[in-house]
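[1] coordinates for the following, if possible.
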Amino acid sequence: MVPIARRNLFAEKGRFVVSVGGVALAILLILIVLALYRGFSRSGQTITELPGQVWVVQQGTIDPFHSVSVIQTSQLSPLATLPGVALVTPVLARKMSFESPNGQQSVYLMALDVSADLPIDARVRLAFLPAAGEVSIDQVLARKAGLGKGDVVKFGRQSVRVGTVRPGGESFAQFAFLSPADARAAFGVAGIVTYAVLSLEPGAVPEEVALAVAPATPGLVGFTSKQFAESVRKEIDDTFLPIIAILMTVGFVVGAAVVGLTIYTATIEHWREFGVLKAMGASGGYLYRIVFTQSALLTAAGFVLGTIGAIGAAQLATRAVPDFGTDFRWQDIGAVFGATIGMALVASFIPVRRIIGIEPAEVFRG
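    Numbers count the residues shown, from 1 in each chain. Presented below is the predicted three-dimensional model:
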């Protein structure tokens with residue numbers, strides 16, 4: 001079965017190469033779009049890495065980037081009395097632009113006024129709690145802005161030096177962290193904060209504490225860290241998922257069309273051989289397995305080439321455009337492989353109907 005399928009495919013090597021290339025381009029499109037979505041969906045992950053389990057925001061705030069939250073410092077005291085709350089961390093945050101060696105950039109600045117009583121992992125402290133006069137940025141922003149450790153950046157009237165370049169980063173928006181004193185100087189505000197982060201006592205349930213915020217402090221609402229991060233991802237999903245669905249559908253249709261046309265042509269060119277097999281007693285199922293094997297060989301070759309091409313193209317694109325963030329996941333690659341099997345099944349259907357309808361007498365009559 002496999003030798004017959006392989007011989008039919010390789011009878012025209014040029015056509016086989018072009019067909020594999022067409023399938024590979026379709027696979028590349030699907031994988032790049034999926035990986036790009038995964039990269040963008042990481043937006044908000046930084047929020048879950050910060051100390052604290054519950055975020056308190058002004059009522060009406062939907063996410064950090066598309067709404068404004070203003071909390072009076074006098075409103076923080078009632079939060080400390082909520083059952084299960086150990087510490088309240090005031091947070092200053094604002095989106096600002098700044099000049100860099102690569103031109104004007106935009107960044108979401110954040111400063112956490114963490115109490116000395118809060119135990120914090122050394123890695124978290126280094127990444128998100130810089131010393132006065134320093135700013136912590138991620139690798140995506142560093143590449144995009146052309147900044148490195150020790151470079152001076154000016155936010156408003158406040159100049160700070162890059163103290164830490166965190167690994168990784170987010171594509172949708174880059175977070176940078178200042179000390180509370182530097183943030184107040186850069187933002188020019190007093191008596192207010194943007195958010196409050198609640199660190200909970202052992203055994204406290206974040207969802208229950210978040211629900212208790214609104215009744216205790218009118219005008220404020222609480223979200224768990226996961227919920228607040230998901231508010232950022234929801235914006236990504238609402239914006240990109242319809243586009244992604246269309247592009248993936250186009251990729252699948254193109255791939256199936258290329259495979260179907262190639263297999264149909266290869267099958268019809270060898271219709272006499274299929275007629276002889278049928279005259280010798282080959283069942284319709286046996287003939288279908290030959291055609292499906294042809295499709296599977298073609299799509300498998302295209303899948304391997306397309307996967308390698310997608311990973312390579314993503315690396316080149318990231319070097320050219322630093323915030324072109326992609327995230328290739330094995331489960332996505334597995335799902336795309338399943339889609340290629342679907343391509344093979346769909347592409348096999350039309351030609352196999354044609355060969356099953358062949359009358360053996362036609363072969364010997366010719």
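
[2] so where's the longest strand in the chain?
    Ranked by residue count under DSSP state E, the longest strand found in the chain is strand 85-100.

[3] other SSEs contacting it?
    Using 3 or more Cβ pairs under 8 Å, 6 or more residues apart in numbering; DSSP states H and E, the elements in contact with strand 85-100 are helix 76-80, strand 103-112, strand 152-155, helix 180-187, strand 192-193, strand 195-200. (Glycine included, C-beta is placed from N, CA and C.)

[4] check which helix or strand residue 226 maps to.
    helix 225-269 (DSSP states H and E).

[5] so the spatially most central residue of the chain: helix, strand or coil?
    Centroid check for the chain by Cα atoms, centre = their mean gives residue 38 as the closest residue, at 1.2 Å. Recorded secondary structure, residue 38: helix (DSSP: H, G, I helix; E, B strand; the rest coil).

[6] so how far is residue 319 from it?
    Remark: distance between residue 38 and residue 319 (Cβ to Cβ, to the nearest Å) = 19 Å.

[7] what do you get for residue 244?
    Residue 244 is 23 Å from residue 319, by Cβ to Cβ.

[8] the two: which is more packed in?
    Neighbour count, other Cβ atoms under 10 Å: between residue 244 and residue 319, residue 244 has more, with 17 against 10.

[9] does that one touch residue 32 like I think?
    No: Residue 244 is beyond contact range of residue 32, at 10.6 Å (criterion: Cβ atoms under 8 Å).

[10] rewinding a little: the helix holding residue 226 packs against which elements?
    Helix 225-269 is packed against helix 2-10, helix 13-41, helix 45-49, strand 54-58, helix 284-320, helix 330-356, with contacts defined by 3+ Cβ pairs under 8 Å, 6+ apart.

[11] same thing but at 7 Å, please
    Counting contacts by 3 or more Cβ pairs under 7 Å, 6 or more residues apart in numbering; DSSP states H and E, helix 225-269 is packed against helix 13-41, helix 45-49, helix 284-320, helix 330-356.

[12] mind checking which of the ones you listed is nearest residue 145?
    helix 284-320 (15.2 Å; Cβ to Cβ).

[13] where does pLDDT dip in the stretch 151-300 of the chain?
    Within the stretch 151-300 of the chain, the stretches with pLDDT under 70 are 169-173, 235-236, 266-285, 287.

[14] go again using 50 as the cut-off
    Applying pLDDT under 50 to the stretch 151-300 of the chain flags no residue at all.

[15] could you break this protein into its assigned domains?
    Domain assignment of the chain by automatic domain parsing yields the ranges 2-43+235-365, 45-234.

[16] do me a favour and get the end-to-end distance for the longest one?
    Across its full length, domain 45-234 reaches 13 Å end to end, with Cα to Cα, to the nearest Å as the criterion.

[17] pull the CA atoms of stretch 140-158 into PDB?
    What follows is stretch 140-158 as a C-alpha-only set of coordinates in PDB (Å, rounded to 0.1, in the frame of the first residue of the first chain):
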ATOM      1  CA  VAL A 140      11.000  43.100  25.000                       C
ATOM      2  CA  LEU A 141      11.100  46.700  26.000                       C
ATOM      3  CA  ALA A 142      14.900  46.700  26.300                       C
ATOM      4  CA  ARG A 143      15.200  45.500  22.700                       C
ATOM      5  CA  LYS A 144      12.500  47.700  21.400                       C
ATOM      6  CA  ALA A 145      13.900  50.800  23.000                       C
ATOM      7  CA  GLY A 146      17.500  50.000  22.600                       C
ATOM      8  CA  LEU A 147      18.200  50.100  26.400                       C
ATOM      9  CA  GLY A 148      20.600  48.200  28.600                       C
ATOM     10  CA  LYS A 149      21.500  48.000  32.200                       C
ATOM     11  CA  GLY A 150      22.900  51.400  33.400                       C
ATOM     12  CA  ASP A 151      21.200  53.500  30.700                       C
ATOM     13  CA  VAL A 152      19.400  56.600  31.900                       C
ATOM     14  CA  VAL A 153      15.700  57.000  31.200                       C
ATOM     15  CA  LYS A 154      13.600  60.100  31.900                       C
ATOM     16  CA  PHE A 155       9.900  59.800  32.800                       C
ATOM     17  CA  GLY A 156       8.400  63.200  32.900                       C
ATOM     18  CA  ARG A 157      10.900  65.200  35.100                       C
ATOM     19  CA  GLN A 158      12.200  62.200  36.800                       C
END
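
[18] need the residues that contact that stretch.
    Stretch 140-158 is contacted from outside by 96, 98-102, 105, 107, 109, 135, 137, 159-162, 165, 169-170, 174, 176, 182, 185-186, 188, 322-323, 325, using Cβ atoms under 7 Å, 6 or more residues apart in numbering.

[19] with stretch 98-115 instead?
    50-51, 64, 87, 89-97, 120, 128-129, 141, 144-147, 153-155, 173-180, 183, 186, 197.

[20] what about the nearest residue to residue 240 once chain neighbours are set aside, distance to residue 30?
    Excluding the flanking residues, the one nearest residue 240 by Cβ to Cβ, 6 or more residues apart in numbering is residue 37, at 5.9 Å. With distances taken as Cβ to Cβ, residue 37 is found 11 Å from residue 30.

[21] who has more neighbours out of these two?
    Using other Cβ under 10 Å as the criterion, residue 37 and residue 30 rank with residue 30 on top: 26 against 20.

[22] out of the helices and strands packed on strand 85-100, which comes closest to residue 334?
    When the helices and strands packed on strand 85-100 are compared for distance to residue 334 using Cβ to Cβ, the nearest one is strand 103-112, at 34.1 Å.

[23] fine, thanks again, bye for now.
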